[in-house]
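Peer 1: Generate coordinates for the sequence data below:
(chains A and B)
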Amino acid sequence: MSAEDQIKQTITTNDVVLFMKGTKSMPQCGFSSRVAGVLNYMGVEFADVNVLADENLRQGVKDFSDWPTIPQLYVKGEFVGGCDIITEMTLSGELDTLFSENGVTYDKDAADKIREANA
Amino acid sequence: MPMQASEIEQLLRASFPNAKIDVSGDDGVHMAAMVVDESFRGKNRVQQQRAVYAALKGKMDGAAGELHALALTTKAPD
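Peer 2: This is a model prediction of the structure:
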C-alpha cells in the first residue's frame, strides 16, 4: 500500500489520529510530546502513528497534509494543525469545541485545568 | 546549515513586507517567529501558517532541512 493510501485509511478508520515522532507512551520529540500529552491528559482516545518508524510515512504525511512539520493532528479525517495550533486551540477552548462538534469524548475538567494552569 | 534569525526575518519580510515580525531563538535550529499581518485576516490558523511556511521556501523540508523547528505565532493585527 502506498503511503498516501495508508494515511487515508488511518484517518478514515480512526476519529482522532496523531502523526508524531515516537509513540504516545514514548514520544521522541518535545513538540510531539506536548500534543500527545495534552490529548492523554484530556482523556482523548487517539491513534498514534510513529513517523520515525517509516521513512515513507514521514515524508508522505507532510506531502499529504501540505504541512512541513510533525506532529500533525487529524480529527474525523480533517487536518487540524501542528503543535503551535493545537496549543493555542487548547488554551482558547477551540479544541473542546472541535471535539464536541465531532462527537469525540474528552474530559472537560481536565481541559479546564490546563487552561487554569496556563492562565 | 542552521539559519540565523536575520535570514529567517529576511525571508519572511520578502513575503510579508508590512508585517510585524519577531524572530527569536539563537541556536539557529530551534527558533520561534511571530508574524502579525493584515493578509491573515479571515484566514484560519492552518492557512496562516501555510503562508508562513511558503515564505520560508523549503527551508524546513526533509530530514536535511536547515531549520528543524520553528514555533509559529500568526495573527491579523488587532
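Peer 1: Local confidence estimate at the most centrally placed residue in chain B?
Peer 2: The residue lying closest to the centre of chain B (CA atoms, centre = their mean) is residue B:52, at 4.8 Å. pLDDT, residue B:52: 94.
Peer 1: For it, I want the exact helix or strand it lies within.
Peer 2: Assigned by DSSP states H and E, residue B:52 falls within helix B:45-55.
Peer 1: The residue nearest to the centre of chain B and chain A, how far apart?
Peer 2: To chain A, residue B:52 is 10 Å away according to CB to the nearest CB, to the nearest Å. For every residue, glycine as well, the C-beta is placed using N, CA and C.
Peer 1: same check, this time on residue B:37
Peer 2: Computed with CB to the nearest CB, the distance linking residue B:37 and chain A is 16 Å.
Peer 1: where along chain A do the strands fall?
Peer 2: Taking DSSP state E as the test, the strands found in chain A are A:16-20, A:47-50, A:72-75, A:78-81.
Peer 1: just to revisit the earlier point, C-terminal to the helix holding residue B:52, which secondary structure element comes first?
Peer 2: With secondary structure assigned by DSSP H and E, helix B:45-55 is succeeded by strand B:69-75.
Peer 1: so what's residue A:65 up against?
Peer 2: Each residue near residue A:65 by CB atoms under 8 Å, 6 or more residues apart in numbering or on different chains is listed here: A:72, A:79.
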